[in-house]
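K.L.:
what follows is a predicted protein model with its sequence.
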Amino acid sequence: MKALHFGAGNIGRGFIGKLLSDAGIKVTFADVNETVVSELQKRNEYAVKVVGEQCVVETVSNVTAVNSATDAVVDCIAESDIVTTAVGPTVLKIISKSVAQGIEKRAAANNTSPLNIIAAENMVRGTSQLKEAVFEHLNEDVKAFAQANVGFVDSAVDRIVPPAEAGETDPLAVTVETFSEWIVDQTQFKGEIPNIPGMECTDNLMAFVERKLFTLNTGHLITAYLGVLAGHETIKESIEDDAIRAEVTAAMEESGAVLIKRYGFDPEAHAAYIQKILGRFANPYLRDEVDRVGRQPIRKLSPQDRLIKPLNGTLEYGLPNGHLIKGIAAAFHYKNDDDPQAVELQAMFAEKGFAATLAHYSGLNIDDEVVTLAEQAYLALK
């Protein structure tokens, strides 16, 4: 079985690429980083440091790479059984043309063997969004071929993969936490579902997408923003601050109440899940900087993302939301001159004020009480 994986960064190599290789699948990475591509071509393997209660180093083998800006990537898609991505939401649209060309090549060769495409991204229904972008490049005949032979499988992913450690010179070095979760929508596959240990199937993906978004992502981001305010550098330092831990826990309990109401999650099991997430934030082997986690605040304040979507759930069900509101307010204190979104957010905030800026990016009504409460929380955090 062959796989093409877009994105040879830390998440690609440390998470999805590793799971595919561990399952005995031959993995070709596609990336524009020529140093990483050439090293993968040369070595055909790399080491992954897996850290939890103890630290172990595992070797990922039977891998190679191609430059994703070349025609070689189209050939790989034409010959693969599975295509996965870990490139970030903004890059999905960029790679859609190559994916479309690969599907066209399969159609021209009448290759009707199933191809399954899974975008393993930190976004809701990312593969469905990739499918829309791919289909924009296809004519009607190839669209029909793709509908019959190509599965676009949505997924939810969860693994903390921090940037390379300071002083690390090996371009393939990567560190990951022990915990990982890759849940896929079993209803969207074409042909037989591949047996990949660590990839879990469900027919109710949105429950798990939102569980991760409302817990790991919400808690991670609020930890980062409150950590910045408190002068901490890392997520570990921040979550070990008792005041921050209490706020983050309370925010995750508020978002968790939405999940329990919406999907019928067991309250005790979800409380245990929250505690597991908090333990992951405090992993002593992971140096995860608050500036990295806090980046792209505009995307994270959008209606379908980790702050506003759980807030809207509390409004839908009439549930408490004061700690989520505080997390949203804290986003407006995040300043990072190296992050274009942080710069844009602060510029609009300076020109239009808090309420108009929050309403613009979140989709909330400027006259809603929750916007007023968020502004009051912002002022209280100053």
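P.N.:
That came through fine.
K.L.:
rest of the way, CA atoms for contacts and neighbours
P.N.:
OK.
K.L.:
ranges for the strands of the stretch 51-200 of the chain?
P.N.:
Using DSSP state E, counting those that start in this stretch, the strands assigned to the stretch 51-200 of the chain run over residues 55-61, 63-67, 82-85, 115-119, 150-153, 155-158, 174-177, 181-185, 199-202.
K.L.:
of all the ones you listed, which one is nearest Lys18?
P.N.:
Lys18 lies closest to strand 55-61 among the strands of the stretch 51-200 of the chain, at 6.1 Å (CA to CA).
K.L.:
buried residues, the closest one. List them.
P.N.:
Val60, Ser61 (16 or more other CA atoms under 10 Å).
K.L.:
any regions of this structure where pLDDT drops low?
P.N.:
Within the chain, no stretch has pLDDT under 70.
K.L.:
where does the record place the domain boundaries for it?
P.N.:
Under the assignment automatic domain parsing, the domains of the chain span 2-202, 206-381.
K.L.:
who's in contact with Ala164?
P.N.:
Residues in contact with Ala164, defined by CA atoms under 8 Å, 6 or more residues apart in numbering, are Asn10, Ala173, Val174, Thr175.
K.L.:
phi, psi for it please.
P.N.:
Dihedral angles phi and psi of Ala164 (degrees, to the nearest 10) take the values phi -60, psi 150.
K.L.:
run through the helices of the stretch 251-382 of the chain in chain order.
P.N.:
Counting by DSSP state H, counting those that start in this stretch, the stretch 251-382 of the chain has helices at residues 267-281, 290-294, 297-300, 308-317, 322-331, 340-352, 354-362, 369-381.
K.L.:
can you put those in a markdown table and add mean neighbour count and distance to Val142?
P.N.:
Formatted as a markdown table, the helices of the stretch 251-382 of the chain follow (neighbours: other CA atoms under 10 Å; distance: least, CA to CA, whole Å):
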| stretch | mean neighbour count | distance to Val142 |
| --- | --- | --- |
| helix 267-281 | 16 | 43 |
| helix 290-294 | 21 | 40 |
| helix 297-300 | 21 | 33 |
| helix 308-317 | 19 | 36 |
| helix 322-331 | 24 | 44 |
| helix 340-352 | 16 | 37 |
| helix 354-362 | 20 | 37 |
| helix 369-381 | 16 | 47 |
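K.L.:
and those helices as CSV, adding distance to Ile193?
P.N.:
CSV is the format used below for these (distance: least, CA to CA, whole Å):
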stretch, distance to Ile193
helix 267-281, 28
helix 290-294, 33
helix 297-300, 33
helix 308-317, 31
helix 322-331, 38
helix 340-352, 39
helix 354-362, 37
helix 369-381, 44
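K.L.:
go through those and name the closest to Ile95.
P.N.:
Nearest of those (CA to CA): helix 297-300, 20.0 Å.
K.L.:
what is the closest one packed up against?
P.N.:
helix 340-352 (3 or more CA pairs under 8 Å, 6 or more residues apart in numbering; DSSP states H and E).
K.L.:
the helix it packs on: how far from the chain's middle?
P.N.:
Put simply, helix 340-352 sits 24 Å off its chain's centre (CA atoms, centre = their mean, to the nearest Å).
K.L.:
got the angle between it and helix 322-331?
P.N.:
90 degrees (axes from the mean of the first three to the mean of the last three CA atoms, to 10 degrees).
K.L.:
going forward can the numbers begin at 885, since that is how I track them
P.N.:
Yes, from this point I'll number from 885; that puts the last item at helix 1224-1236.
K.L.:
who are the packing partners of helix 1224-1236?
P.N.:
Secondary elements touching helix 1224-1236 (3+ CA pairs under 8 Å, 6+ apart): helix 1181-1184, helix 1238-1246.
K.L.:
state the next helix or strand along the chain beyond the helix or strand where Ile895 lies.
P.N.:
Using DSSP states H and E, Ile895 sits within helix 894-895. Remark: after helix 894-895, the chain's next helix or strand is helix 901-906, criterion DSSP H and E.
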